[in-house]
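>>> Pasting the sequence and the predicted coordinates here, then a few questions.
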2 protein chains.
Amino acid sequence: MDADGIHGQLDTLILATLKRGEAHGYAIITALKELSGDRLDLPSGTVYPALRRLERAGSISGTWTVGEGRRRRVYALTEDGLKALEKGLGDWRSLREVMGAVLGT
Amino acid sequence: MDADGIHGQLDTLILATLKRGEAHGYAIITALKELSGDRLDLPSGTVYPALRRLERAGSISGTWTVGEGRRRRVYALTEDGLKALEKGLGDWRSLREVMGAVLGT
DNA sequence: AGACTACATGTAGTTCATCTACATATCAAG
DNA sequence: CTTGATATGTAGATGAACTACATGTAGTCT
């Protein structure tokens, strides 16, 4: 599944991943792939811009580190990010309820 | 909730509504509002283009009628539309599973 | 009779989250 | 030395959504 299939939920998924612990971009992509049982396969061209958006919005904060000689930008949830995650979970719950009501599932 | 909140699911919702019985555009908008417990409130500028797309794709067929002196375009599911609905339901199921796996809900 | 709302159909231009295609850099494996 | 994995991205294109507005007809209220 690509991000188009989860349109609008990517931010929530990223925030939920960071709730588990701080991570750098590439690790977030890998975590989402693994947590979803290899169903999500998001390109970096989708995820890195989303990380930038979330950082600009104040939901996450990033710091540069070096791991095995490679630059890494490690991200962590902020207080605002926790709130954004709660809102995202609420939005997802609403979507599920609306879809359930109309589709009868 | 607007269609942005259900991005990508609008077609499936329309097809599911037409599975209940043929309907004209305005009635589809009303049905979605009622079935969702007033949570969906879709503008005609979103729904009418979606109906055109589905008709062009062969998923629904439309005919002009006159009801109470007003023109109505009444839509019905086609065989292709039933298949598209099944696929949409499968996509929705996948999304739910992926979100559940990552969010733990 | 006129204003307003509901019932009907739309279209145009804008927005922006996604895509694909690439780019650069460094380490590990063969 | 080459290739793949691990890292970071950006640019331009796409298309499903939005808002704003248009036209037309019937019903309701003053």
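Thanks, I have it. Residues are numbered from 1 along each chain as shown, chains lettered A, B, ... in the order given.
>>> Just the buried residues of stretch A:2-9, please?
Buried residues in stretch A:2-9, counting neighbours by 16 or more other C-beta atoms under 10 Å in any protein chain shown, are found at A:Ala3, A:Gly5, A:Ile6, A:Gly8, A:Gln9. Every residue, glycine included, has its C-beta placed from N, CA and C.
>>> Hmm, I typed the wrong one, I wanted stretch A:75-85.
Using 16+ other C-beta under 10 Å as the test for burial, stretch A:75-85 gives A:Tyr75, A:Leu77, A:Thr78, A:Gly81, A:Ala84, A:Leu85.
>>> Next one: the closest residue to chain B within chain A, what pLDDT does it get?
The minimum distance from chain A to chain B, using C-beta to the nearest C-beta, falls at A:His7 (4.2 Å). Note on A:His7: pLDDT of 91.
>>> any idea whether it is helix, strand or coil?
Classification of A:His7 using DSSP: H, G, I helix; E, B strand; the rest coil returns coil.
>>> Over to A:Thr63?
strand.
>>> Relative to A:Thr30, how far out is it?
19 Å (C-beta to C-beta, to the nearest Å).
>>> tell me which element the spatially most central residue of chain A falls in.
By C-alpha atoms, centre = their mean, chain A has its centre lying nearest to A:Ile14, at 1.2 Å. Applying DSSP states H and E as the criterion places A:Ile14 in helix A:10-19.
>>> does DNA strand D sit close to that helix?
No. Remark: helix A:10-19 sits outside contact range of DNA strand D, by C-beta under 7 Å from any atom of the strand, the gap being at least 12.3 Å.
>>> gap between A:Leu103 and A:Leu32?
26 Å.
>>> Between those two, which is the more surrounded one?
A:Leu32 (24 against 20; other C-beta atoms under 10 Å in any protein chain shown).
>>> sorry, back to before: check contacts around the residue nearest to the centre of chain A.
A:Ile14 sits next to A:Ile28, A:Leu32, A:Val47, A:Ala50, A:Leu51, A:Leu54, A:Ile60 when contact means C-beta atoms under 8 Å, 6 or more residues apart in numbering or on different chains.
>>> In strands, which of those appear?
A:Ile60 (DSSP state E).
>>> Make a markdown table from the contacts of A:Ile14 and add pLDDT to it.
Output for those, formatted as a markdown table (pLDDT from 0 to 100):
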| residue | pLDDT |
| --- | --- |
| A:Ile28 | 97 |
| A:Leu32 | 96 |
| A:Val47 | 96 |
| A:Ala50 | 96 |
| A:Leu51 | 97 |
| A:Leu54 | 96 |
| A:Ile60 | 97 |
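>>> out of the contacts of A:Ile14, which touch DNA strand D?
Intersecting the contacts of A:Ile14 with the contacts of DNA strand D gives A:Leu51 (criterion: C-beta under 7 Å from any atom of the strand).
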